[in-house]
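Enquirer: How does the following fold in three dimensions:
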Amino acid sequence: MKNFVFLALLVGVLRLQAASAEFNYGDALDKSLMFFEAQRSGKLSFDQRVKWRGNSGLKDGLAQGVDLVGGYYDAGDHVKFGLPMAFTATMLSWGVIDFRKEITNLDQMGHTLWAIRWATDYFIKAHPQPNVLWAQVGDGNSDHYCWERAEDMTTSRTAYKLDENHPGSDLAGETAAALAAASLAFKPYNSSYSSLLLVHAKQLFTFADRFRGLYDDSIRNAKQFYTSSGYSDELLWAASWLYRATDEEYYLKYVVDNAVYLGGTGWAMKEFSWDNKYAGVQILLSKILLEGHGGAYTSTLKQYQAKADYFACACLQKNDGYDAYLTPGGLLYVREWNNMQYVSAAAFLLAVYSDYLAAANSKLTCPNGQVQPQELLNFAKSQADYILGKNPKAMSYLVGYGPKYPIHVHHRGASIASKFVLNAVVGCVQGFDSWYRSPGANPNVIYGALVGGPDRNDAFLDDRSDYEQTEPTISACAPLIGLFSKLQSTVNGIPGSFHRQSPNSHPTTPSTYLYETRRPRPSPSPSPSPSPSSETPIKFLHTITHTWTIGDATYYRHKVILKNTSNKPITGLKLGLESLTGSLWGLSKTNEKNTYELPHWHNVLKPGEQCSFVYVQGGPQAKVSILGQS
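Expert: Model (predicted):
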């Protein structure tokens with residue numbers, strides 16, 4: 001009866017959302033983060049939510065004598081391309097830095113930091129010496145001749161590196177930017193890891209700047225897949241992020257001294273992507289000016305901001321005719337191949353710039369007049385809404401979101417039955433014959449995959465062979481994390497993210513999908529943990545945030561939030577946990593049986609402040625009680 005009532009309430013909420021024409025951006029965020037789990041290479045973690053994936057690429061780098069296990073597959077194939085992977089990490093980190101509160105309020109900071117770290121741990125291994133960077137694993141040509149699961153890979157795993165004799169300023173610069181941005185993202189949570197990332201970022205920037213060249217001139221294999229248009233923007237991009245991460249004047253002076261030579265104040269852009277960072281550089285540096293920290297560099301920073309304004313005005317169609325192209329349905333359109341990557345990146349950038357302008361009580365100055373910061377966010381929202389279903393096709397281009405989305409995604413792993421279902425090797429040619437050419441829907445729902453999207457006239461063909469429209473990429477999805485978190489907080493105002501398990505196959509009807517995704521959770525709403533006395537100034541909130549089944553056993557991820565409801569700080573808090581049989585994170589064990597305390601860095605719980613801990617186990621939840629406090 002309880003489940004029935006909950007489902008009825010949930011259906012009512014969904015109908016209310018439809019009536020208000022707003023989208024559940026928190027749910028879209030949750031699904032977007034799951035896409036990165038589907039793209040993981042290496043040994044998967046115990047809490048992997050995408051259950052149709054298994055370990056893969058466990059010998060990457062072995063032939064070259066280096067450990068290159070980990071990182072991400074870039075799209076529907078199994079090559080680890082360094083340039084888009086590094087841009088992905090930069091954009092994920094930027095989302096955390098600027099929308100930290102929003103992501104935290106949606107309880108997604110853990111998943112987001114893991115998404116970043118899966119890349120940055122790999123970059124650290126790929127940078128064994130100051131002037132060496134392993135840039136790619138896998139051969140694009142041989143990989144594209146096969147259609148097989150990552151777990152069955154038979155194609156070449158050759159690794160390619162950059163060094164002093166084979167430079168790659170674009171790739172080394174982007175990786176430096178990614179590590180600098182990630183150092184900021186991790187700084188409040190893991191200062192030692194943040195410092196390590198910064199060491200690698202500085203070394204890679206020096207390498208990129210001193211030994212200049214295009215990475216795809218050094219690694220010819222990458223040229224037909226991720227051709228670089230130049231490295232000047234990446235050098236400015238890396239220096240800008242290093243300045244933000246370190247506050248060292250050297251890096252600010254670099255972007256000012258090289259503003260003309262490297263094109264930072266010369267190029268006026270209508271796109272922002274893994275290949276073209278100029279608009280990102282210009283908006284990032286505009287923040288310094290808007291905050292009043294330009295100092296002696298104000299004049300040059302104003303030139304950067306003028307180009308930032310050009311980008312924003314072009315997107316808003318207020319650039320005196322020099323505007324970005326919009327489809328009849330209102331979607332930004334840059335290129336026919338995976339156009340959605342330009343949409344997500346531009347929308348994120350405008351959301352960020354909107355915040356910078358609003359914080360400075362400033363306006364955007366366009367040839368067609370002044371624009372309020374809210375208009376930038378409104379445009380970013382229009383692009384997000386188009387992605388999620390407000391478009392001529394009434395289709396969500398984010399896989400797994402809403403009642404209608406692409407089901408023939410150009411993705412090897414999603415299109416072939418999981419190894420846990422079909423426990424037999426799917427060969428290179430067999431994959432094409434049995435799965436690629438199949439008219440049926442993909443057997444695995446690749447949640448959060450942002451496909452390439454429609455053409456310039458809003459036409460879309462859900463065809464597995466049409467990789468320009470149906471292939472997803474990590475670089476396209478990364479900007480959505482910050483964008484969706486910002487929109488959920490600003491538009492809906494309340495957390496709306498539901499953690500769902502992937503069904504084994506695509507739902508046949510929306511109602512079937514609803515029941516399949518909600519049934520595994522044993523408790524649909526928070527329940528209070530027991531406390532020893534009603535007078536205790538600690539409020540408990542116990543929730544189950546995830547569940548999965550291995551064999552006949554079902555496991556649950558429990559999250560317990562503790563809040564100080566008194567007007568006095570609480571120190572020396574000791575908790576009793578009975579019936580705890582699984583792993584625990586967020587508390588420190590004492591010498592006393594079943595007794596735990598808060599970590600030393602969070603020993604004081606201020607009035608109104610809250611903290612949380614997490615544990616995983618099968619069976620009933622642990623019993624939590626307060627044993628003592630100071």
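Enquirer: Model confidence for the spatially most central residue of the chain, exactly?
Expert: By Cα atoms, centre = their mean, the chain has its centre lying nearest to residue 478, at 4.0 Å. With respect to pLDDT, residue 478 has a value of 98.
Enquirer: now swap in residue 623 and tell me
Expert: 83.
Enquirer: Could you tell me the phi and psi values at the residue nearest to the centre of the chain?
Expert: With angles defined as degrees, to the nearest 10, residue 478 sits at phi -60, psi -40.
Enquirer: mind listing what the spatially closest residue to it that is not a sequence neighbour touches?
Expert: Leaving out its chain neighbours, the residue that sits closest to residue 478 by Cβ to Cβ, 6 or more residues apart in numbering is residue 91, at 3.9 Å. (C-beta placed from N, C-alpha, C; glycine too.) Residues in contact with residue 91 (Cβ atoms under 8 Å, 6 or more residues apart in numbering) are 345, 348, 475, 478-479, 481-482.
Enquirer: quick one, strands of the stretch 301-450 of the chain?
Expert: 325-326, 332-333, 364-366, 369-371 (DSSP state E, counting those that start in this stretch).
Enquirer: okay if I get these as CSV plus mean pLDDT, distance to residue 40 and mean neighbour count?
Expert: Shown next, in CSV, are the strands of the stretch 301-450 of the chain (pLDDT from 0 to 100; distance: least, Cβ to Cβ, whole Å; neighbours: other Cβ atoms under 10 Å):
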stretch, mean pLDDT, distance to residue 40, mean neighbour count
strand 325-326, 98, 35, 14
strand 332-333, 98, 29, 22
strand 364-366, 96, 39, 18
strand 369-371, 95, 41, 14
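Enquirer: want to throw those into CSV with distance to residue 287?
Expert: Formatted as CSV, these follow (distance: least, Cβ to Cβ, whole Å):
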stretch, distance to residue 287
strand 325-326, 27
strand 332-333, 23
strand 364-366, 14
strand 369-371, 18
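Enquirer: Okay, residue 33 and residue 386: tell me how far apart.
Expert: Using Cβ to Cβ, to the nearest Å, one obtains 21 Å as the distance from residue 33 to residue 386.
Enquirer: Then residue 286?
Expert: For residue 286 relative to residue 386 (Cβ to Cβ), the value is 26 Å.
Enquirer: Summarise which helices and strands whichever strand or helix holds residue 117 is packed against.
Expert: Residue 117 belongs to helix 109-126 when assigned by DSSP states H and E. Counting by 3 or more Cβ pairs under 8 Å, 6 or more residues apart in numbering; DSSP states H and E, the packing neighbours recorded for helix 109-126 are helix 25-38, helix 82-98, helix 100-105, strand 133-137, helix 169-186, helix 191-210.
Enquirer: Pick the most buried one from these.
Expert: Sort the helices and strands packed on helix 109-126 by mean neighbour count, taking mean count of other Cβ atoms under 10 Å, and helix 169-186 sits at the top with a mean of 30.
Enquirer: Looking at that helix now, give me its mean pLDDT.
Expert: Computed over helix 169-186, the mean pLDDT rounds to 98.
Enquirer: Off-centre distance for it?
Expert: 15 Å (Cα atoms, centre = their mean, to the nearest Å).
Enquirer: Please apply the same query to stretch 386-406.
Expert: Mean-position distance between stretch 386-406 and its chain equals 19 Å (Cα atoms, centre = their mean).
Enquirer: Over to stretch 599-610?
Expert: Using Cα atoms, centre = their mean, the offset of stretch 599-610 from its chain centre is 29 Å.
Enquirer: before we move on, what about stretch 176-190?
Expert: 14 Å.
Enquirer: For that stretch, C-alpha coordinates in CSV please.
Expert: The C-alpha coordinates for stretch 176-190 follow below in CSV (Å, rounded to 0.1, in the frame of the first residue of the first chain):
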residue,chain,number,x,y,z
ALA,A,176,47.5,21.3,-17.4
ALA,A,177,44.2,23.3,-17.4
ALA,A,178,42.3,20.2,-16.3
LEU,A,179,44.6,19.4,-13.4
ALA,A,180,44.6,23.1,-12.3
ALA,A,181,40.9,23.2,-12.3
ALA,A,182,40.6,19.9,-10.6
SER,A,183,42.9,21.1,-7.9
LEU,A,184,40.4,23.8,-7.1
ALA,A,185,37.5,21.3,-7.2
PHE,A,186,39.2,19.0,-4.7
LYS,A,187,40.8,21.6,-2.5
PRO,A,188,38.0,21.7,0.2
TYR,A,189,37.9,17.9,0.4
ASN,A,190,41.4,16.6,-0.1
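Enquirer: contacts for that stretch?
Expert: Counting by Cβ under 8 Å, 6+ apart, 86-90, 92-94, 96-97, 100, 113, 116-117, 119-120, 123, 193-195, 197-198, 200-202, 204-205, 208, 234, 237-238, 240-242, 244-246, 277 sit against stretch 176-190.
Enquirer: what do you get if the cut-off is 7 Å, keeping everything else the same?
Expert: 86, 89-90, 93-94, 96-97, 113, 116, 120, 123, 193-194, 197-198, 200-201, 204-205, 208, 237-238, 241-242, 244-245 (Cβ atoms under 7 Å, 6 or more residues apart in numbering).
Enquirer: ok, now stretch 364-382?
Expert: 309, 312-313, 315-316, 318-320, 330, 347, 350-351, 353-354, 357-358, 363, 483, 487, 490-491.
Enquirer: Would you mind checking these for buried ones?
Expert: Buried subset of the contacts of stretch 364-382 (neighbour count, 16 or more other Cβ atoms under 10 Å): 309, 312-313, 315-316, 318-319, 347, 350-351, 353-354, 357-358, 483, 487, 490-491.
Enquirer: Which of those fall within helices?
Expert: Within those, residues falling in helices by DSSP state H are 309, 312-313, 315, 347, 350-351, 353-354, 357-358, 483, 487.
Enquirer: wait, which of the residues you listed is closest to residue 47?
Expert: The closest of these to residue 47 turns out to be residue 483 (Cβ to Cβ; 25.0 Å).
Enquirer: my guess is that closest one meets residue 349, correct?
Expert: No: the pair residue 483 / residue 349 is not scored as a contact, 9.4 Å apart, by Cβ atoms under 7 Å.
Enquirer: Next up, the contacts around the closest residue to residue 77 other than its chain neighbours.
Expert: In space, and not counting its chain neighbours, residue 77 is closest to residue 143: 5.1 Å by Cβ to Cβ, 6+ apart. Residue 143 is in contact with 77-79, 155, counting by Cβ under 7 Å, 6+ apart.
Enquirer: Can you give me the distance of residue 143 to residue 85?
Expert: 15 Å.
Enquirer: My guess is residue 304 contacts residue 265. True?
Expert: Yes: using Cβ under 7 Å, residue 304 is in contact with residue 265, at 5.7 Å.
Enquirer: any shared contact partners between those two?
Expert: With Cβ under 7 Å, 6+ apart as the test, residue 304 and residue 265 both reach residue 259.
Enquirer: what about residue 212, neighbour count?
Expert: 15 (other Cβ atoms under 10 Å).
Enquirer: cool, residue 429 as well?
Expert: Residues near residue 429, counting by other Cβ under 10 Å: 12.
Enquirer: picking that back up, other residues contacting the helix holding residue 117?
Expert: So helix 109-126 is contacted by 33, 36, 40, 67-68, 70-72, 85, 88-89, 92-93, 96, 103, 133-134, 175, 178-179, 182, 185-186, 189, 197, 200, 481 (Cβ under 7 Å, 6+ apart).
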